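Trainee: got a predicted structure here, sequence first:
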Amino acid sequence: MHKYVAVVRLKNSEPIIISLNEAMEASGAHDASCVPPRKKDNDNIPAGYWLIKGKNTQVIIPEDQVSAIIVEPVVIDDSIE
């Protein structure tokens, strides 16, 4: 079975993997909900930071650390569960 995850590639550290929620999966969007960097502080997010929301996770990352946000399929082996 394939599942999609958002991979946030960072310039100076390991990528962050974010599970997508079922609605995104079902719609075929295969995309994380990404709010572009704010010009001013808003919603508890400082200016210049990305808010990236996944299934059970949200991360707030400085704009200058993000090199790419890519959605990639991962294979999940259901037989293990």
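Mentor: All right, it came through fine.
Trainee: looking at strand pairing, list the partners for K53.
Mentor: Beta-bridge pairing of K53 under DSSP bridges involves S33, Q58.
Trainee: that one - how many residues pack around it?
Mentor: Using other C-beta atoms under 10 Å, the number of residues around K53 comes to 17. C-beta coordinates here come from the backbone N, C-alpha and C atoms, glycine included.
Trainee: now W50
Mentor: Neighbours of W50 using other C-beta under 10 Å come to 19.
Trainee: one more: P15?
Mentor: 15.
Trainee: for V66, which non-adjacent residue is spatially closest?
Mentor: Nearest residue to V66, sequence neighbours excluded (C-beta to C-beta, 6 or more residues apart in numbering): W50, at 5.7 Å.
Trainee: spell out the secondary structure type for that neighbour.
Mentor: strand (DSSP: H, G, I helix; E, B strand; the rest coil).
Trainee: in stretch 62-70, what's buried?
Mentor: Neighbour-count burial for stretch 62-70 flags V66, I69 (criterion: 16 or more other C-beta atoms under 10 Å).
Trainee: let me fix that, I meant to ask about stretch 44-53.
Mentor: So, applying 16+ other C-beta under 10 Å, buried residues of stretch 44-53: I45, Y49, W50, L51, I52, K53.
Trainee: which of these sit farthest apart?
Mentor: The most widely separated members of the buried residues of stretch 44-53 are Y49 and K53, with 13.1 Å between them, by C-beta to C-beta.
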